[in-house]
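> Provided below are the primary sequence and the corresponding predicted coordinates.
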Amino acid sequence: MANPRNPAAPEGDKVDTRLLESLLGYNARRTSLLAIDVFLQHMGEFGLRPVDFSVASLILHNPGITSRQLCDVLGLLPPNLVGLLKDLEQRGLIVRRPHPLDGRALGLYATDEGQTLVRAAEKKVTSLEAQIASRLSADERKTLIRLLKKVYL
């Protein structure tokens with residue numbers, strides 16, 4: 001009889017995933033794919049992809065942040081950020097103004113509409129994250145986040 005998860009594999013054939021499951025990258029990627037899938041399923045009403053959400057949230061919480069700072073914090077290449085900022089600006093969610101401390105730079109600011117949308121999106125994301133991590137205790141979740149940050153910061 002065929003295995004319903006893999007029709008080409010006979011029933012009872014167990015796939016050895018021990019090596020993969022011991023790898024940080026594999027586990028981080030599986031978790032990331034799950035989180036992104038949940039995000040995409042439930043965040044359509046905001047018209048924000050995960051990277052759009054991250055950028056818009058940073059702009060909301062850091063009025064006057066520059067493009068360079070966004071690239072540094074999120075690990076983005078400047079050419080990839082240009083179109084994203086243009087889209088957010090065209091949607092009326094952000095504006096560019098001269099930076100208060102550096103006359104050569106432009107600061108990014110959330111508009112009133114952008115503030116409202118991003119705050120609602122953040123509330124929804126917080127709820128979705130709680131669902132994704134529902135098998136973890138609050139302490140386990142904090143520990144996981146702390147440990148992941150030790151890897152990439």
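Alright, I've got the coordinates. Numbers count the residues shown, from 1 in each chain.
> tell me the contacts of the residue sitting nearest the centre point of the chain?
Centroid-nearest residue in the chain: residue 50, 4.3 Å away (criterion: CA atoms, centre = their mean). Contacts for residue 50 were tallied using CB atoms under 8 Å, 6 or more residues apart in numbering; they are 36, 39, 40. Heads up, the C-betas are built off the backbone N, CA and C, glycines and all.
> the second one: what secondary structure?
Three-state secondary structure (criterion: DSSP: H, G, I helix; E, B strand; the rest coil) places residue 39 in helix.
> following the longest helix seen in the chain, which helix or strand comes up?
Scanning the chain for the helix with the most residues, using DSSP state H, yields helix 112-132. The C-terminal neighbour of helix 112-132 among helices and strands, as given by DSSP states H and E, is helix 138-152.
> identify the residues contacting the longest helix of the chain?
Outside helix 112-132, the residues that touch it by CB under 8 Å, 6+ apart are 34-35, 38-39, 42-43, 46, 48, 53, 56-57, 59-60, 88, 92-94, 110.
> now those: which count as buried?
Using 16 or more other CB atoms under 10 Å as the burial test, the contacts of helix 112-132 include 35, 39, 43, 46, 48, 53, 56-57, 59-60, 88, 93-94, 110 as buried.
> residue ranges with poor pLDDT in the protein?
Residue ranges of the chain with pLDDT under 70: 1-11.
> one step back: inside strands: which ones of the contacts of helix 112-132?
In strands, defined here by DSSP state E, the members of the contacts of helix 112-132 are 94, 110.
> if we can go back for a sec, ok, the buried ones among the contacts of helix 112-132 vs residue 15, which is closest?
residue 35 (23.8 Å; CB to CB).
> for residue 65, see how far away the closest one is.
24 Å (CB to CB, to the nearest Å).
> do the same with residue 75
15 Å.
> more neighbours, the two?
residue 65 (18 against 7; other CB atoms under 10 Å).
> wait, residue 89 sits on residue 83?
No. Contact criterion CB atoms under 8 Å: residue 89 and residue 83 do not qualify, at 10.5 Å.
> so the longest helix of the chain versus helix 138-152, what angle?
Helix 112-132 and helix 138-152 are oriented at 110 degrees to each other (axes from the mean of the first three to the mean of the last three CA atoms, to 10 degrees).
> which parts of helix 112-132 are buried?
114, 115, 117, 118, 121, 122, 124, 125, 128, 132.
> what is the burial count for residue 63?
Using other CB under 10 Å, residue 63 has 13 other residues around it.
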